[in-house]
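Engineer: What follows is a protein structure lacking sequence information:
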DNA sequence: CGGATACGATACAGCCGTGTATCGGATACG
DNA sequence: CGTATCCGATACACGGCTGTATCGTATCCG
(Lines give C-alpha, C1' and ligand atoms only; values in the text may rest on other atoms or scores of the structure.)
Protein backbone atom coordinates (compact mmCIF):
# COMPACT_ATOMS: atom_id res chain seq x y z
CA UNK A 1 0.00 0.00 0.00
CA UNK A 2 1.74 3.14 -1.20
CA UNK A 3 1.33 6.35 0.74
CA UNK A 4 -0.76 8.67 -1.40
CA UNK A 5 0.88 12.04 -1.66
CA UNK A 6 -2.06 14.45 -1.92
CA UNK A 7 -0.38 16.34 -4.75
CA UNK A 8 -2.37 19.14 -6.21
CA UNK A 9 -6.04 18.95 -7.03
CA UNK A 10 -5.19 19.85 -10.59
CA UNK A 11 -2.89 16.87 -10.94
CA UNK A 12 -5.48 14.55 -9.47
CA UNK A 13 -8.08 15.80 -11.92
CA UNK A 14 -5.72 15.12 -14.80
CA UNK A 15 -5.09 11.59 -13.61
CA UNK A 16 -8.81 10.99 -13.36
CA UNK A 17 -9.45 12.30 -16.84
CA UNK A 18 -6.71 10.06 -18.22
CA UNK A 19 -8.04 6.97 -16.44
CA UNK A 20 -11.60 7.66 -17.59
CA UNK A 21 -10.31 7.95 -21.13
CA UNK A 22 -8.24 4.78 -20.81
CA UNK A 23 -11.30 2.84 -19.71
CA UNK A 24 -13.18 3.86 -22.84
CA UNK A 25 -10.27 3.17 -25.15
CA UNK A 26 -9.46 -0.19 -23.56
CA UNK A 27 -13.06 -1.29 -24.03
CA UNK A 28 -13.16 -0.23 -27.65
CA UNK A 29 -9.73 -1.25 -28.89
CA UNK A 30 -8.59 -3.73 -26.29
CA UNK A 31 -5.78 -3.23 -23.81
CA UNK A 32 -3.13 -4.36 -26.25
CA UNK A 33 -4.59 -2.47 -29.17
CA UNK A 34 -4.94 0.79 -27.27
CA UNK A 35 -2.09 3.24 -27.74
CA UNK A 36 -1.01 5.99 -25.40
CA UNK A 37 -1.96 8.43 -28.10
CA UNK A 38 -5.47 6.99 -28.30
CA UNK A 39 -5.84 7.62 -24.61
CA UNK A 40 -4.43 11.14 -24.91
CA UNK A 41 -6.82 12.00 -27.71
CA UNK A 42 -9.81 10.63 -25.80
CA UNK A 43 -8.77 12.61 -22.71
CA UNK A 44 -8.01 15.78 -24.62
CA UNK A 45 -4.38 15.82 -23.55
CA UNK A 46 -1.06 15.25 -25.26
CA UNK A 47 1.47 12.61 -24.38
CA UNK A 48 3.34 14.99 -22.13
CA UNK A 49 0.51 14.98 -19.63
CA UNK A 50 0.24 11.23 -19.57
CA UNK A 51 3.96 10.55 -19.26
CA UNK A 52 4.27 13.04 -16.45
CA UNK A 53 1.53 11.17 -14.54
CA UNK A 54 2.11 7.51 -15.40
CA UNK A 55 5.25 5.51 -16.03
CA UNK A 56 3.79 3.54 -18.95
CA UNK A 57 0.70 1.76 -20.19
CA UNK A 58 0.96 -1.05 -17.67
CA UNK A 59 0.69 1.44 -14.83
CA UNK A 60 -2.50 2.74 -16.40
CA UNK A 61 -3.87 -0.78 -16.81
CA UNK A 62 -3.35 -1.56 -13.14
CA UNK A 63 -5.09 1.60 -12.01
CA UNK A 64 -7.98 1.04 -14.38
CA UNK A 65 -8.46 -2.47 -12.99
CA UNK A 66 -8.53 -1.14 -9.48
CA UNK A 67 -10.94 1.67 -10.25
CA UNK A 68 -13.20 -0.66 -12.20
CA UNK A 69 -13.64 -3.08 -9.35
CA UNK A 70 -13.95 -0.29 -6.85
CA UNK A 71 -16.75 1.25 -8.86
CA UNK A 72 -18.57 -2.07 -8.96
CA UNK A 73 -18.13 -2.51 -5.22
CA UNK A 74 -19.56 0.93 -4.59
CA UNK A 75 -22.45 0.18 -6.88
CA UNK A 76 -23.22 -3.05 -5.06
CA UNK A 77 -23.00 -1.49 -1.64
CA UNK A 78 -25.33 1.25 -2.69
CA UNK A 79 -28.01 -1.11 -3.95
CA UNK A 80 -28.05 -3.77 -1.27
CA UNK A 81 -30.68 -2.12 0.88
CA UNK A 82 -32.90 -1.77 -2.17
CA UNK A 83 -32.72 -5.47 -2.85
CA UNK A 84 -33.39 -6.53 0.66
CA UNK A 85 -36.50 -4.43 0.85
CA UNK A 86 -37.68 -5.62 -2.55
CA UNK A 87 -37.11 -9.29 -1.80
CA UNK A 88 -38.73 -9.13 1.61
CA UNK A 89 -41.92 -7.62 0.21
CA UNK A 90 -42.35 -10.15 -2.59
CA UNK A 91 -45.56 -12.18 -2.50
CA UNK A 92 -44.47 -15.62 -3.63
CA UNK A 93 -41.25 -17.57 -3.76
CA UNK A 94 -41.14 -17.24 -7.52
CA UNK A 95 -41.63 -13.50 -7.30
CA UNK A 96 -38.94 -13.22 -4.66
CA UNK A 97 -36.44 -15.27 -6.64
CA UNK A 98 -37.24 -13.40 -9.79
CA UNK A 99 -36.74 -10.14 -7.99
CA UNK A 100 -33.52 -11.42 -6.48
CA UNK A 101 -32.19 -12.50 -9.86
CA UNK A 102 -33.14 -9.25 -11.48
CA UNK A 103 -31.44 -7.32 -8.76
CA UNK A 104 -28.27 -9.36 -8.89
CA UNK A 105 -28.07 -9.01 -12.62
CA UNK A 106 -28.77 -5.31 -12.43
CA UNK A 107 -26.33 -4.99 -9.57
CA UNK A 108 -23.60 -5.84 -12.01
CA UNK A 109 -24.15 -3.11 -14.58
CA UNK A 110 -23.60 -4.94 -17.82
CA UNK A 111 -23.61 -2.41 -20.57
CA UNK A 112 -21.37 -2.58 -23.58
CA UNK A 113 -18.46 -0.85 -21.96
CA UNK A 114 -18.48 -2.71 -18.67
CA UNK A 115 -18.74 -6.04 -20.45
CA UNK A 116 -15.93 -5.27 -22.83
CA UNK A 117 -13.62 -3.88 -20.19
CA UNK A 118 -14.33 -6.74 -17.78
CA UNK A 119 -13.59 -9.36 -20.41
CA UNK A 120 -10.57 -7.47 -21.58
CA UNK A 121 -9.09 -7.19 -18.10
CA UNK A 122 -9.78 -10.85 -17.36
CA UNK A 123 -8.08 -11.99 -20.55
CA UNK A 124 -5.20 -9.67 -19.75
CA UNK A 125 -4.80 -11.39 -16.40
CA UNK A 126 -4.66 -14.77 -18.17
CA UNK A 127 -2.00 -13.61 -20.61
CA UNK A 128 0.15 -11.63 -18.25
CA UNK A 129 0.90 -13.48 -15.01
CA UNK A 130 2.58 -10.32 -13.75
CA UNK A 131 -0.80 -8.58 -13.81
CA UNK A 132 -2.83 -11.49 -12.47
CA UNK A 133 -1.90 -10.63 -8.89
CA UNK A 134 -3.56 -7.25 -8.88
CA UNK A 135 -6.47 -8.64 -10.85
CA UNK A 136 -7.10 -11.44 -8.37
CA UNK A 137 -6.77 -9.12 -5.41
CA UNK A 138 -9.46 -6.72 -6.54
CA UNK A 139 -11.59 -9.37 -8.20
CA UNK A 140 -11.69 -11.66 -5.17
CA UNK A 141 -12.74 -8.79 -2.95
CA UNK A 142 -15.50 -8.09 -5.42
CA UNK A 143 -16.65 -11.72 -5.63
CA UNK A 144 -16.69 -12.17 -1.90
CA UNK A 145 -18.69 -9.04 -1.35
CA UNK A 146 -21.19 -10.15 -3.94
CA UNK A 147 -21.34 -13.68 -2.51
CA UNK A 148 -22.09 -12.35 0.95
CA UNK A 149 -24.85 -10.29 -0.55
CA UNK A 150 -26.24 -13.32 -2.36
CA UNK A 151 -26.34 -15.41 0.80
CA UNK A 152 -28.06 -12.64 2.71
CA UNK A 153 -30.58 -12.09 -0.05
CA UNK A 154 -31.29 -15.81 -0.30
CA UNK A 155 -31.85 -15.96 3.43
CA UNK A 156 -34.52 -13.31 2.99
CA UNK A 157 -36.48 -15.74 0.84
CA UNK A 158 -35.76 -18.64 3.16
CA UNK A 159 -33.12 -20.34 1.04
CA UNK A 160 -29.44 -21.14 1.24
CA UNK A 161 -26.78 -22.08 -1.33
CA UNK A 162 -26.07 -25.74 -2.01
CA UNK A 163 -22.64 -25.00 -3.45
CA UNK A 164 -19.95 -22.46 -2.69
CA UNK A 165 -21.67 -19.09 -3.15
CA UNK A 166 -18.56 -17.87 -4.96
CA UNK A 167 -19.29 -20.45 -7.63
CA UNK A 168 -22.84 -19.19 -7.94
CA UNK A 169 -21.57 -15.66 -8.42
CA UNK A 170 -19.12 -16.82 -11.06
CA UNK A 171 -21.83 -18.72 -12.89
CA UNK A 172 -24.29 -15.84 -12.79
CA UNK A 173 -21.67 -13.38 -13.95
CA UNK A 174 -20.56 -15.67 -16.76
CA UNK A 175 -24.10 -16.07 -18.03
CA UNK A 176 -24.87 -12.37 -17.66
CA UNK A 177 -21.82 -11.39 -19.63
CA UNK A 178 -22.49 -13.89 -22.35
CA UNK A 179 -26.05 -12.60 -22.55
CA UNK A 180 -24.87 -9.07 -23.17
CA UNK A 181 -22.16 -10.11 -25.60
CA UNK A 182 -24.56 -12.04 -27.76
CA UNK A 183 -26.87 -9.06 -27.94
CA UNK A 184 -23.99 -6.78 -28.88
CA UNK A 185 -22.93 -9.08 -31.69
CA UNK A 186 -26.45 -9.42 -33.01
CA UNK A 187 -26.73 -5.66 -33.26
CA UNK A 188 -29.52 -3.28 -32.30
CA UNK A 189 -32.18 -6.01 -32.29
CA UNK A 190 -30.42 -8.09 -29.68
CA UNK A 191 -31.93 -8.21 -26.21
CA UNK A 192 -29.10 -7.98 -23.67
CA UNK A 193 -31.20 -9.72 -21.03
CA UNK A 194 -32.57 -12.55 -23.17
CA UNK A 195 -30.25 -15.31 -22.02
CA UNK A 196 -30.15 -14.08 -18.44
CA UNK A 197 -33.92 -14.03 -18.14
CA UNK A 198 -34.29 -17.41 -19.78
CA UNK A 199 -31.95 -19.37 -17.56
CA UNK A 200 -30.91 -17.45 -14.44
CA UNK A 201 -34.06 -17.92 -12.35
CA UNK A 202 -33.90 -21.69 -12.77
CA UNK A 203 -30.16 -21.67 -12.11
CA UNK A 204 -30.49 -19.71 -8.88
CA UNK A 205 -33.26 -22.00 -7.72
CA UNK A 206 -31.30 -25.11 -8.63
CA UNK A 207 -28.24 -23.95 -6.72
CA UNK A 208 -30.13 -23.23 -3.52
CA UNK A 209 -32.56 -25.01 -1.24
CA UNK A 210 -35.01 -24.15 1.53
CA UNK A 211 -33.02 -23.43 4.67
CA UNK A 212 -34.52 -26.28 6.69
CA UNK A 213 -35.25 -28.66 3.84
CA UNK A 214 -33.33 -31.78 2.98
CA UNK A 215 -32.61 -31.29 -0.70
CA UNK B 1 -19.85 -19.00 -50.47
CA UNK B 2 -16.77 -18.53 -52.64
CA UNK B 3 -15.74 -21.23 -55.11
CA UNK B 4 -12.52 -22.75 -53.82
CA UNK B 5 -9.87 -22.85 -56.52
CA UNK B 6 -7.91 -26.02 -55.76
CA UNK B 7 -4.56 -24.28 -56.27
CA UNK B 8 -1.49 -26.32 -55.67
CA UNK B 9 -1.01 -28.62 -52.73
CA UNK B 10 2.08 -26.65 -51.79
CA UNK B 11 0.14 -23.42 -51.59
CA UNK B 12 -2.55 -25.06 -49.52
CA UNK B 13 0.04 -26.39 -47.09
CA UNK B 14 1.50 -22.91 -46.71
CA UNK B 15 -1.92 -21.43 -46.00
CA UNK B 16 -2.53 -24.08 -43.38
CA UNK B 17 0.78 -23.46 -41.68
CA UNK B 18 0.06 -19.72 -41.60
CA UNK B 19 -3.44 -20.21 -40.18
CA UNK B 20 -2.17 -22.64 -37.53
CA UNK B 21 0.42 -20.08 -36.54
CA UNK B 22 -2.13 -17.27 -36.49
CA UNK B 23 -4.34 -19.25 -34.14
CA UNK B 24 -1.51 -19.58 -31.65
CA UNK B 25 -0.45 -15.97 -31.91
CA UNK B 26 -4.01 -14.63 -31.68
CA UNK B 27 -4.55 -16.63 -28.49
CA UNK B 28 -1.35 -15.41 -26.90
CA UNK B 29 -1.24 -11.77 -27.95
CA UNK B 30 -4.80 -11.08 -28.93
CA UNK B 31 -6.07 -10.42 -32.44
CA UNK B 32 -5.25 -6.73 -32.25
CA UNK B 33 -1.92 -7.24 -30.57
CA UNK B 34 -0.74 -9.86 -33.04
CA UNK B 35 1.43 -8.57 -35.88
CA UNK B 36 1.90 -10.13 -39.28
CA UNK B 37 5.52 -10.65 -38.37
CA UNK B 38 4.55 -12.53 -35.22
CA UNK B 39 2.54 -14.89 -37.37
CA UNK B 40 5.36 -15.26 -39.90
CA UNK B 41 7.87 -16.08 -37.19
CA UNK B 42 5.55 -18.63 -35.59
CA UNK B 43 4.94 -20.23 -39.00
CA UNK B 44 8.57 -20.16 -40.04
CA UNK B 45 7.90 -17.96 -43.06
CA UNK B 46 8.65 -14.42 -44.00
CA UNK B 47 6.13 -11.72 -44.84
CA UNK B 48 6.39 -12.49 -48.53
CA UNK B 49 4.67 -15.84 -48.04
CA UNK B 50 1.85 -14.35 -46.01
CA UNK B 51 1.18 -11.40 -48.29
CA UNK B 52 1.12 -13.66 -51.32
CA UNK B 53 -1.56 -15.80 -49.64
CA UNK B 54 -3.67 -13.31 -47.70
CA UNK B 55 -4.69 -9.75 -48.41
CA UNK B 56 -4.22 -8.55 -44.84
CA UNK B 57 -4.72 -9.50 -41.21
CA UNK B 58 -8.50 -9.27 -41.42
CA UNK B 59 -8.55 -11.97 -44.08
CA UNK B 60 -6.56 -14.18 -41.75
CA UNK B 61 -8.91 -13.46 -38.87
CA UNK B 62 -11.93 -14.51 -40.90
CA UNK B 63 -10.36 -17.76 -41.95
CA UNK B 64 -9.20 -18.54 -38.45
CA UNK B 65 -12.76 -18.03 -37.19
CA UNK B 66 -14.10 -20.37 -39.80
CA UNK B 67 -11.50 -23.06 -39.18
CA UNK B 68 -11.95 -22.80 -35.44
CA UNK B 69 -15.66 -23.45 -35.57
CA UNK B 70 -15.25 -26.16 -38.18
CA UNK B 71 -12.77 -27.95 -35.96
CA UNK B 72 -15.21 -27.82 -33.06
CA UNK B 73 -18.01 -29.12 -35.27
CA UNK B 74 -15.85 -32.02 -36.40
CA UNK B 75 -14.92 -32.75 -32.82
CA UNK B 76 -18.56 -32.82 -31.77
CA UNK B 77 -19.64 -35.03 -34.63
CA UNK B 78 -16.88 -37.45 -33.83
CA UNK B 79 -17.84 -37.80 -30.20
CA UNK B 80 -21.62 -37.99 -30.42
CA UNK B 81 -21.78 -41.76 -30.73
CA UNK B 82 -19.54 -42.07 -27.71
CA UNK B 83 -21.89 -39.97 -25.63
CA UNK B 84 -25.01 -41.74 -26.68
CA UNK B 85 -23.57 -45.09 -25.74
CA UNK B 86 -22.26 -43.76 -22.47
CA UNK B 87 -25.51 -42.10 -21.47
CA UNK B 88 -27.64 -45.06 -22.45
CA UNK B 89 -25.64 -47.44 -20.27
CA UNK B 90 -25.69 -45.25 -17.15
CA UNK B 91 -27.30 -46.81 -14.09
CA UNK B 92 -29.15 -43.94 -12.46
CA UNK B 93 -30.51 -40.57 -13.55
CA UNK B 94 -27.78 -38.79 -11.66
CA UNK B 95 -25.11 -40.92 -13.28
CA UNK B 96 -26.62 -40.32 -16.69
CA UNK B 97 -26.83 -36.57 -16.20
CA UNK B 98 -23.35 -36.43 -14.79
CA UNK B 99 -22.08 -38.41 -17.76
CA UNK B 100 -24.00 -36.14 -20.11
CA UNK B 101 -22.56 -33.02 -18.52
CA UNK B 102 -19.06 -34.37 -18.57
CA UNK B 103 -19.40 -35.26 -22.18
CA UNK B 104 -20.79 -31.90 -23.17
CA UNK B 105 -18.06 -30.09 -21.32
CA UNK B 106 -15.42 -32.34 -22.79
CA UNK B 107 -17.02 -32.05 -26.18
CA UNK B 108 -16.03 -28.43 -26.19
CA UNK B 109 -12.31 -28.78 -25.69
CA UNK B 110 -11.52 -25.99 -23.30
CA UNK B 111 -7.80 -25.75 -22.97
CA UNK B 112 -5.90 -22.52 -22.64
CA UNK B 113 -5.66 -21.90 -26.33
CA UNK B 114 -9.25 -22.70 -27.26
CA UNK B 115 -10.57 -20.55 -24.46
CA UNK B 116 -8.37 -17.61 -25.32
CA UNK B 117 -9.06 -17.78 -29.03
CA UNK B 118 -12.81 -18.24 -28.53
CA UNK B 119 -13.04 -15.24 -26.24
CA UNK B 120 -10.81 -13.22 -28.48
CA UNK B 121 -12.88 -13.94 -31.58
CA UNK B 122 -16.13 -13.20 -29.77
CA UNK B 123 -14.86 -9.86 -28.50
CA UNK B 124 -13.61 -9.11 -31.98
CA UNK B 125 -17.10 -9.69 -33.32
CA UNK B 126 -18.46 -7.23 -30.76
CA UNK B 127 -15.95 -4.55 -31.67
CA UNK B 128 -16.01 -4.95 -35.40
CA UNK B 129 -19.52 -5.16 -36.85
CA UNK B 130 -17.95 -5.88 -40.23
CA UNK B 131 -16.64 -9.15 -38.83
CA UNK B 132 -19.74 -10.07 -36.83
CA UNK B 133 -21.43 -11.50 -39.91
CA UNK B 134 -18.91 -14.24 -40.48
CA UNK B 135 -18.69 -14.86 -36.78
CA UNK B 136 -22.45 -15.32 -36.41
CA UNK B 137 -22.65 -17.55 -39.46
CA UNK B 138 -20.15 -20.09 -38.22
CA UNK B 139 -21.07 -19.70 -34.58
CA UNK B 140 -24.78 -20.25 -35.12
CA UNK B 141 -24.10 -23.40 -37.09
CA UNK B 142 -22.00 -24.57 -34.21
CA UNK B 143 -24.58 -23.73 -31.55
CA UNK B 144 -27.38 -25.41 -33.43
CA UNK B 145 -25.41 -28.57 -33.97
CA UNK B 146 -24.56 -28.68 -30.30
CA UNK B 147 -28.15 -27.93 -29.30
CA UNK B 148 -29.45 -30.78 -31.44
CA UNK B 149 -26.94 -33.03 -29.78
CA UNK B 150 -28.04 -31.86 -26.34
CA UNK B 151 -31.69 -32.56 -27.06
CA UNK B 152 -30.88 -36.02 -28.38
CA UNK B 153 -28.69 -36.82 -25.41
CA UNK B 154 -31.33 -35.58 -22.98
CA UNK B 155 -33.91 -37.76 -24.68
CA UNK B 156 -31.67 -40.71 -23.95
CA UNK B 157 -32.11 -40.08 -20.25
CA UNK B 158 -35.82 -39.40 -20.66
CA UNK B 159 -35.67 -35.63 -20.33
CA UNK B 160 -36.34 -32.60 -22.47
CA UNK B 161 -35.33 -28.93 -22.29
CA UNK B 162 -37.63 -26.44 -20.58
CA UNK B 163 -36.06 -23.47 -22.36
CA UNK B 164 -34.62 -22.93 -25.80
CA UNK B 165 -31.82 -25.50 -26.07
CA UNK B 166 -29.65 -22.81 -27.67
CA UNK B 167 -29.84 -20.91 -24.40
CA UNK B 168 -28.74 -23.98 -22.49
CA UNK B 169 -25.76 -24.34 -24.78
CA UNK B 170 -24.85 -20.70 -24.31
CA UNK B 171 -25.12 -20.99 -20.55
CA UNK B 172 -23.05 -24.16 -20.42
CA UNK B 173 -20.38 -22.71 -22.67
CA UNK B 174 -20.26 -19.49 -20.66
CA UNK B 175 -19.76 -21.36 -17.41
CA UNK B 176 -17.24 -23.74 -18.93
CA UNK B 177 -15.16 -20.91 -20.29
CA UNK B 178 -15.26 -18.99 -17.06
CA UNK B 179 -14.20 -22.13 -15.24
CA UNK B 180 -11.12 -22.50 -17.40
CA UNK B 181 -10.27 -18.80 -17.28
CA UNK B 182 -10.31 -18.69 -13.51
CA UNK B 183 -7.99 -21.67 -13.37
CA UNK B 184 -5.62 -20.04 -15.83
CA UNK B 185 -5.48 -16.84 -13.81
CA UNK B 186 -4.92 -18.72 -10.57
CA UNK B 187 -1.93 -20.45 -12.08
CA UNK B 188 -0.80 -24.08 -11.94
CA UNK B 189 -2.90 -24.86 -8.85
CA UNK B 190 -6.16 -23.89 -10.49
CA UNK B 191 -8.56 -26.69 -11.43
CA UNK B 192 -10.02 -25.91 -14.86
CA UNK B 193 -13.09 -28.02 -14.12
CA UNK B 194 -13.84 -26.77 -10.63
CA UNK B 195 -16.65 -24.37 -11.45
CA UNK B 196 -18.07 -26.60 -14.18
CA UNK B 197 -18.28 -29.61 -11.90
CA UNK B 198 -19.75 -27.59 -9.07
CA UNK B 199 -22.67 -26.06 -10.91
CA UNK B 200 -23.26 -27.64 -14.32
CA UNK B 201 -25.04 -30.85 -13.22
CA UNK B 202 -27.59 -28.86 -11.24
CA UNK B 203 -27.96 -26.37 -14.07
CA UNK B 204 -28.63 -29.05 -16.67
CA UNK B 205 -31.15 -30.72 -14.39
CA UNK B 206 -32.87 -27.43 -13.64
CA UNK B 207 -33.21 -26.56 -17.32
CA UNK B 208 -34.79 -29.88 -18.26
CA UNK B 209 -37.69 -32.04 -17.11
CA UNK B 210 -38.89 -35.60 -17.53
CA UNK B 211 -40.36 -35.96 -20.98
CA UNK B 212 -43.87 -36.84 -19.80
CA UNK B 213 -43.82 -34.98 -16.51
CA UNK B 214 -45.51 -31.71 -15.75
CA UNK B 215 -42.67 -29.71 -14.25
C1' DC C 1 16.78 -32.40 -69.54
C1' DG C 2 15.41 -27.60 -70.20
C1' DG C 3 12.30 -23.81 -69.96
C1' DA C 4 8.26 -21.59 -67.89
C1' DT C 5 5.87 -20.39 -63.92
C1' DA C 6 4.34 -20.35 -59.35
C1' DC C 7 5.77 -19.10 -54.84
C1' DG C 8 8.29 -17.55 -51.06
C1' DA C 9 12.48 -14.48 -49.67
C1' DT C 10 14.57 -10.03 -49.67
C1' DA C 11 14.87 -5.07 -50.05
C1' DC C 12 12.90 -0.69 -49.46
C1' DA C 13 10.05 3.34 -48.35
C1' DG C 14 6.79 5.20 -45.35
C1' DC C 15 4.02 5.54 -41.21
C1' DC C 16 3.03 5.15 -36.43
C1' DG C 17 3.87 4.67 -31.64
C1' DT C 18 7.22 5.27 -27.90
C1' DG C 19 9.86 7.65 -24.57
C1' DT C 20 12.87 11.57 -23.37
C1' DA C 21 14.29 16.17 -23.17
C1' DT C 22 13.04 20.80 -23.44
C1' DC C 23 9.94 24.63 -23.54
C1' DG C 24 6.22 27.82 -22.22
C1' DG C 25 2.41 29.23 -19.55
C1' DA C 26 -0.62 28.87 -15.62
C1' DT C 27 -0.91 28.83 -10.64
C1' DA C 28 0.62 29.76 -5.91
C1' DC C 29 2.76 32.58 -2.81
C1' DG C 30 5.24 36.46 -0.82
C1' DC D 1 2.46 42.74 -8.62
C1' DG D 2 6.41 39.95 -9.30
C1' DT D 3 8.75 35.62 -8.94
C1' DA D 4 9.24 30.61 -8.38
C1' DT D 5 7.45 26.26 -9.37
C1' DC D 6 4.58 22.95 -11.21
C1' DC D 7 2.69 20.70 -15.10
C1' DG D 8 1.21 19.95 -19.57
C1' DA D 9 2.64 20.95 -24.60
C1' DT D 10 6.04 20.52 -28.13
C1' DA D 11 10.08 18.65 -30.51
C1' DC D 12 12.92 14.92 -31.63
C1' DA D 13 15.22 10.48 -32.21
C1' DC D 14 14.48 5.81 -32.49
C1' DG D 15 12.43 1.28 -33.38
C1' DG D 16 8.91 -1.67 -35.20
C1' DC D 17 5.22 -2.79 -38.45
C1' DT D 18 3.12 -2.43 -42.94
C1' DG D 19 2.69 -3.07 -47.72
C1' DT D 20 4.84 -3.21 -52.29
C1' DA D 21 8.11 -4.24 -55.66
C1' DT D 22 11.72 -7.11 -57.05
C1' DC D 23 14.51 -11.16 -56.99
C1' DG D 24 15.86 -16.03 -56.68
C1' DT D 25 14.57 -20.71 -56.66
C1' DA D 26 11.84 -24.94 -56.43
C1' DT D 27 8.37 -27.31 -58.98
C1' DC D 28 5.86 -28.74 -62.90
C1' DC D 29 5.52 -30.03 -67.64
C1' DG D 30 6.85 -30.99 -72.39
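Structural biologist: Okay, I see it. Being a predicted model, the structure only gives us computed values, none of them experimental.

Engineer: quick check: mean pLDDT across whichever helix or strand residue A:171 is part of?
Structural biologist: Using DSSP states H and E, the element containing residue A:171 is helix A:165-186. When pLDDT is averaged along helix A:165-186, the result is 94.

Engineer: Check whether it comes near chain B.
Structural biologist: Yes: contact of helix A:165-186 with chain B (CB under 8 Å from any CB of the partner chain) involves A:167-168, A:170-171, A:173-175, A:177-179, A:181-182, A:184-186. Quick note: C-beta positions are derived from backbone N, CA and C, even for glycine.

Engineer: Same check on stretch A:117-134?
Structural biologist: Yes: on the criterion CB under 8 Å from any CB, stretch A:117-134 is in touch with chain B at A:119-120, A:122-123, A:125-127, A:129, A:132.

Engineer: Count the residues that sit near the closest residue to residue A:164 other than its chain neighbours.
Structural biologist: Spatially, and ignoring its direct neighbours in sequence, residue A:164 is nearest to residue B:198 (6.6 Å; CB to CB, 6 or more residues apart in numbering or on different chains). As a burial measure, residue B:198 scores 20 neighbours (other CB atoms under 10 Å in any protein chain shown).

Engineer: And the pLDDT for residue B:198?
Structural biologist: In this model, residue B:198 is scored at 93, pLDDT.

Engineer: element containing it, please.
Structural biologist: helix B:194-206.

Engineer: Break down chain A into its strands, ranges please.
Structural biologist: Shown for chain A, the strands assigned by DSSP state E span residues A:159-161, A:208-210.

Engineer: Can you tell me which of those is nearest to DNA strand D?
Structural biologist: Closest to DNA strand D of the strands of chain A, according to CB to the nearest atom of the strand: strand A:159-161, at 47.6 Å.

Engineer: before we move on, the earlier item: out of the residues of stretch A:117-134 next to chain B, the closest to residue A:50 would be?
Structural biologist: residue A:120 (19.4 Å; CB to CB).

Engineer: Count the residues that sit near the closest one.
Structural biologist: Residue A:120: 24 neighbours (other CB under 10 Å).

Engineer: Pull the most distant pair out of the residues of helix A:165-186 next to chain B.
Structural biologist: Taking CB to CB, the two most distant members of the residues of helix A:165-186 next to chain B are A:167 and A:186; they sit 28.8 Å apart.

Engineer: Compare the two (neighbour count), which wins?
Structural biologist: The neighbour comparison of residue A:167 against residue A:186 (other CB under 10 Å) goes to residue A:167, with 23 against 15.

Engineer: Identify the residues contacting that one.
Structural biologist: Shown in contact with residue A:167 (CB atoms under 8 Å, 6 or more residues apart in numbering or on different chains): A:207, B:194-195, B:198-199.

Engineer: If we ignore the residues flanking it in sequence, what's nearest it?
Structural biologist: Residue A:167's closest residue in space is residue B:198 (CB to CB, 6+ apart), at 4.5 Å.

Engineer: now for the least confident helix or strand in chain A by mean pLDDT, which elements pack on it?
Structural biologist: Lowest on mean pLDDT, DSSP states H and E among the helices and strands of chain A sits helix A:93-107, with a mean of 72. In terms of contacts (3 or more CB pairs under 8 Å, 6 or more residues apart in numbering or on different chains; DSSP states H and E), helix A:93-107 is packed against helix A:57-88, helix A:129-156, helix A:165-186, helix A:194-206.

Engineer: go with 6 Å
Structural biologist: With contacts taken as 3 or more CB pairs under 6 Å, 6 or more residues apart in numbering or on different chains; DSSP states H and E, helix A:93-107 sits against helix A:57-88, helix A:194-206.

Engineer: Give me every residue in chain A lying close to DNA strand C.
Structural biologist: Neighbours of DNA strand C within chain A, by CB under 7 Å from any atom of the strand: A:8, A:10, A:35-38, A:47-48, A:51, A:56-57.
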